[in-house]
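1. no sequence for this one, just the structure:
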Ligand SMILES: Nc1ncnc2c1ncn2[C@@H]1O[C@H](COP(=O)(O)OP(=O)(O)O)[C@@H](O)[C@H]1O
Ligand SMILES: Nc1ncnc2c1ncn2[C@@H]1O[C@H](COP(=O)(O)OP(=O)(O)O)[C@@H](O)[C@H]1O
Ligand SMILES: [Mg+2]
Ligand SMILES: [Mg+2]
Ligand SMILES: [Mg+2]
Ligand SMILES: [Mg+2]
């Protein structure tokens, strides 16, 4: 393992400190427990809005702290690498940023995140709700009762819900929009290489030069199956098919505009991501989906994994409006 | 080599097509010869400004096409991977975007880029000038007559010059600002792994798990020396020292504000880049440099190389103003 | 139950987790995400470091503090679960004092119950419960048969072993490995391995104590 | 100089470059950026594909068209340089017809001159010129001594070999390897290798033609 770190135990705090100092106009870092808020967020001057809080294991940067700011998150709770944050982080963050309109947690559907946020929610002394994101359609067999995983689509949900919250909408409305966007989003990932958890010091999985991991999770969890490496178009084609099949299985019609997110896992060059975009957009087009919004880059990563995920989010007027609205965060910014 | 490509010969066009289609609101792709312009750039409705054109080998994405748009470039000419574009590209691009105020080429100082742009400039039937960027302070021995290489600082120069051009400033003023920013900028890179040129199919250099390449170029060219892998702070410390020594050697005083750019080469996670930012900002601070602007991410890459470059740009009021001004490109956007 | 014993056990548990680093770590890499060892290390190390702070406390308070500390230290899936275990155990110890094997077994069972509730999981889902449930049952049964502590511990260790081994051929239906379907077959569950290691550590301490 | 010969030579050159892929490629990986082979392949392949288009043209026009085509095909440092070579050669061939070795040698020398001007480089800077300059000198001298074509070619090949070999222990002062300082020592220059390969290909064609 070769990484720019000093020692594994300080990695997170050093990295967060750098993030907070590079973006000191946008965010404030709090330690013990660890959470980040918008700059100058304080209970004494609460903005009259639902507080939108997300969090999860680290290693997916810019998720979530990179999405703190106007039009998106109020606070983020980063856990250790690939490890859910703990309830005290969520409680303290919620205390710090909530106004009088309640707190909405946006939580990726993993056992650890679910339980830690659940315990925080149980202890929270004021109104709150949770949007569980579960856009990953890689896991085929629905008999597993844990449900789908939340992956790259999470940032789309954070963007849209964050935009709605900014208008002063109430907690129920924010949750409803989050659930709707989640419902209308499907993702699938594919890895060319493994990631290496710094504390583990070696790759999470072994993979030959002739293999890919289809349906991989954003923690390097194994996916649908190990497949032979093929040309990009063939791989993208399978991903697109999986997404189309997923919407079909869930009886969601595709005759609408869509946002296509080609997400890099951390070590895949932009040049390849744009090539993937090119193929995916054409394939979706052939299936009657009009790609009217796009995003290509490293938005929800898995440390240093080489690979990509393809996310399709079916737009309607409301989602489109909240996707397009101004946003000013470290990792996503437009209109201001 | 495992990459998302179909075949090496089509890689560039497929990737550029994806880029142009994902950013169809911003750019137009032209083929034979290959160049990209701002959307709707046309000779029939020229905006009264100096046309800012850059270009270079591909593999450094988002440089340069990702910087086309308001406040930055008018056109970009991508060559094959790591290969300078050819004069016909620059000529046609210049024809397409120039108004009546001349063309400014921003060219990274490499023999190939210099010669190809030089031939284009010689053939161009209207006023033009060139800013040669040479921010890389890795090459120590100044007896080599080719001069320093242009690396990540190039994007800062493109941003500032692009901003000035937008105000209607003339060619000489744009060139002067470009030269000034170049003068006040120093960069140094370090690689943990090699990149793999798709056509070559294997890593450009071999490097052990215990080694780093200090002073590496953005094409994976060998740098100052091969060193032992150390903790991040020690590596960053050496990079900062090299930059400070460079300014000193060039008699440029450091008692000013600065922009600190921590650039990822393509395969280094944001988490590590922010850790590097944290250390570098502190070290510069200790040397009396006030870091008042920052940028952390993959801005000038070297395909899939793991590594980083540190760039310090000394600000003055003029540079700061043009760095801060609104920009709307695929890879850099603020204020609009 | 003596607080001093709880603290000795926590030191033994920490040492045992560290001693089993490579196996625990590689199991979570194989069908998880590779962080389980470091999570367990962080948690058990922190508890070990609370020695002086906990020593003066009654056993139930010590257990509860351990639970609360683990909740804010481990994170991930295992954090809330182990936290729930200790908090559940604390409640019963507060009532029954834990002065004999049956009382301790009842407290242990309450801890396991808490894990089941928090994780909405049961036996056979390829989780830590595949060790903890049989261990709990064996504990209660052996204690009821009035076996001595050494005998109880031997039985518990066997239960832990076979519980761990039982996870090998299971498909996971809870936790991160649930996404893997058939691909999880053939691998032991990392959380089950941690539990087996910790159960061993405590049992060995008890057996040694009786000698 | 016959256009047909130029075209045969261009086919031979393309074949020779492809045949030497791995050596050319690895030299530019070692002290360059790894693209020189693919640049040369793209360029020579394109010229080979112009066969039918060029065949009816006079030699100087064919050479000039090759130069222009290379300028828009190769890119990098070698593109403008090889383009300059052919355009420089074309000018002289237009004047002297290139009907004997001395005339061809003069055209070759003009091509090399053009490279030197464009690249602002000279002998001993660890570039293609370390092959091309001695080859040009040898060509001119041997032709002046009225050697026959086979003899001239043998002399040229020797010059190309020793020119290439001379790059091994040089520090580069031009091109991408100039950043390397002492680290470039011990490596042959990729562009010099391409030139040696191309010189061989043309010489072998000439020698064969004379048999
Ligand atoms: N719902 C659950 N009930 C019981 N145990 C669970 C549950 N989900 C996960 N586990 C246990 O947690 C272990 C993983 O812990 P850890 O790696 O620390 O967290 P994470 O899965 O969040 O990375 C699994 O091996 C399994 O034993
Ligand atoms: N100024 C120069 N004069 C002559 N030859 C040069 C010069 N600069 C570079 N070269 C030659 O070009 C070769 C590299 O070509 P190539 O790899 O195609 O371009 P690049 O260096 O731009 O990647 C070098 O090996 C060297 O022989
Ligand atoms: Mg985890
Ligand atoms: Mg090159
Ligand atoms: Mg885990
Ligand atoms: Mg090269």
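-> Received it, and whenever you're ready, just let me know what you need. Since the model is a prediction, treat every value here as computed from it, not as a measurement. Ligands and ions are numbered 1, 2, ... in the order given.
2. make it CA atoms for all contacts and neighbour counts henceforth
-> Fine.
3. nearest residue to the residue of the stretch 201-336 of chain A found nearest ligand 4 in space, please, no chain neighbours.
-> Proximity of the stretch 201-336 of chain A to ligand 4 (CA to the ion) peaks at residue A:271, 16.9 Å away. Closest residue in space to residue A:271, ignoring its immediate chain neighbours: residue B:15 at 5.7 Å, by CA to CA, 6 or more residues apart in numbering or on different chains.
4. give the other helices and strands that the helix or strand of chain A with the lowest mean pLDDT contacts.
-> Scoring the helices and strands of chain A by mean pLDDT, DSSP states H and E places strand A:225-228 at the bottom, with a mean of 94. Under the contact criterion of 3 or more CA pairs under 8 Å, 6 or more residues apart in numbering or on different chains; DSSP states H and E, strand A:225-228 touches strand A:211-214.
5. could you please name the strands the strand it packs on pairs with and the direction of each pair?
-> strand A:185-191 (antiparallel), strand A:225-228 (antiparallel) (DSSP bridges).
6. so which bits of it are buried?
-> A:211, A:212, A:213, A:214 (16 or more other CA atoms under 10 Å in any protein chain shown).
7. tell me who's in contact with the second one.
-> Shown here is residue A:212, whose contacts under the criterion CA atoms under 8 Å, 6 or more residues apart in numbering or on different chains are A:190, A:191, A:192, A:193, A:226, A:227, A:228, A:229.
8. how much space separates the second one from ligand 2?
-> For residue A:191, the distance to ligand 2 under the criterion CA to the nearest ligand atom, to the nearest Å works out to 31 Å.
9. tell me the pLDDT of that residue.
-> As predicted, residue A:191 sits at a pLDDT of 98.
10. what bridges to it?
-> According to DSSP bridges, beta-bridge pairing links residue A:191 with residue A:213, residue A:307.
11. correct me, but it touches residue A:307?
-> Yes. With contacts counted by CA atoms under 8 Å, residue A:191 reaches residue A:307, the gap being 4.1 Å.
12. which stretches of the stretch 201-336 of chain A form helices?
-> A:232-249, A:270-286, A:317-324 (DSSP state H, counting those that start in this stretch).
13. likewise chain C?
-> Along chain C, counting by DSSP state H, helices occupy C:3-19, C:21-31, C:36-48, C:51-54, C:59-71, C:78-96, C:101-119, C:129-144, C:149-166, C:190-210.
14. can you count the residues close to the residue nearest to residue A:194 when sequence neighbours are not counted?
-> Closest residue to residue A:194 apart from its sequence neighbours, by CA to CA, 6+ apart: residue A:305 at 5.2 Å. When neighbours are counted by other CA atoms under 10 Å in any protein chain shown, residue A:305 registers 27.
15. same thing with residue C:115?
-> Neighbours around residue C:115, by other CA under 10 Å: 25.
16. quick revisit: between residue A:191 and residue A:307, which is the more surrounded one?
-> More neighbours surround residue A:307 than the other of residue A:191 and residue A:307, with 31 against 28 (other CA under 10 Å).
17. low pLDDT regions in chain C?
-> Counting by pLDDT under 70, chain C shows low-confidence ranges at C:210-211.
18. wait, what's in contact with the residue of chain C positioned farthest from its centre?
-> Relative to the centre of chain C, and counting by CA atoms, centre = their mean, the farthest-placed residue is residue C:182 at 26.5 Å. For residue C:182, the contacting residues are residue C:171, by CA under 8 Å, 6+ apart.
19. between the buried residues of strand A:211-214, which is nearest residue A:198?
-> residue A:213 (20.9 Å; CA to CA).
20. neighbours of the residue lying closest to residue A:303 once chain neighbours are set aside, how many?
-> Computed as CA to CA, 6+ apart, the closest residue to residue A:303 that is not its neighbour in sequence is residue A:59, at 4.9 Å. A count of neighbours around residue A:59, defined by other CA under 10 Å, yields 30.
21. and residue A:323, by the same measure?
-> 23.
22. who's in contact with it?
-> Counting by CA under 8 Å, 6+ apart, residue A:323 touches A:156, A:159, A:160, A:163.
23. swap in residue C:147?
-> Applying CA under 8 Å, 6+ apart to residue C:147 gives no contacts.
24. what does the stretch 51-200 of chain A have sitting close to chain B?
-> For the stretch 51-200 of chain A, the contact set with chain B under CA under 8 Å from any CA of the partner chain comprises A:59, A:61, A:62, A:192.
25. residue contacts, the last one?
-> Right, residue A:192. Here residue A:192 is in contact with A:207, A:211, A:212, A:213, A:305, A:306, A:307, B:2, B:3 (CA under 8 Å, 6+ apart).
26. distance of it from residue B:1?
-> 10 Å (CA to CA, to the nearest Å).
27. same check on the third one?
-> Distance of residue A:62 to residue B:1, given as CA to CA: 27 Å.
28. again with the first one
-> Noted for residue A:59: a distance of 25 Å to residue B:1, by CA to CA.
29. so the residue nearest to residue A:275 when sequence neighbours are not counted, which state does it fall into?
-> Excluding the flanking residues, the one nearest residue A:275 by CA to CA, 6+ apart is residue B:15, at 4.0 Å. Secondary structure assignment for residue B:15 (DSSP: H, G, I helix; E, B strand; the rest coil): helix.
30. what separation do you get for the residue nearest the centre of chain A and residue D:172?
-> Note on chain A: the residue nearest the mean C-alpha position is residue A:154, at 3.5 Å, using CA atoms, centre = their mean. Separation of residue A:154 from residue D:172 (CA to CA): 52 Å.
31. ok, now residue C:168?
-> 61 Å.
32. which one of these two is surrounded by more residues?
-> residue D:172 (27 against 16).
33. so who does the more buried one touch?
-> Neighbours of residue D:172 in contact, by CA under 8 Å, 6+ apart: B:144, D:125, D:126, D:127, D:178, D:179, D:180, D:181, D:184.
34. pull the contacting residues for residue 55.
-> Chain wasn't specified; assuming chain A. Counting by CA under 8 Å, 6+ apart, residue A:55 has contacts A:64, A:65, A:76, A:77, A:78, A:79, A:84, A:85, A:106, A:107.
35. looking at chain C here, not the other one
-> So residue C:55 contacts C:3, C:4, C:7, C:62 (CA under 8 Å, 6+ apart).
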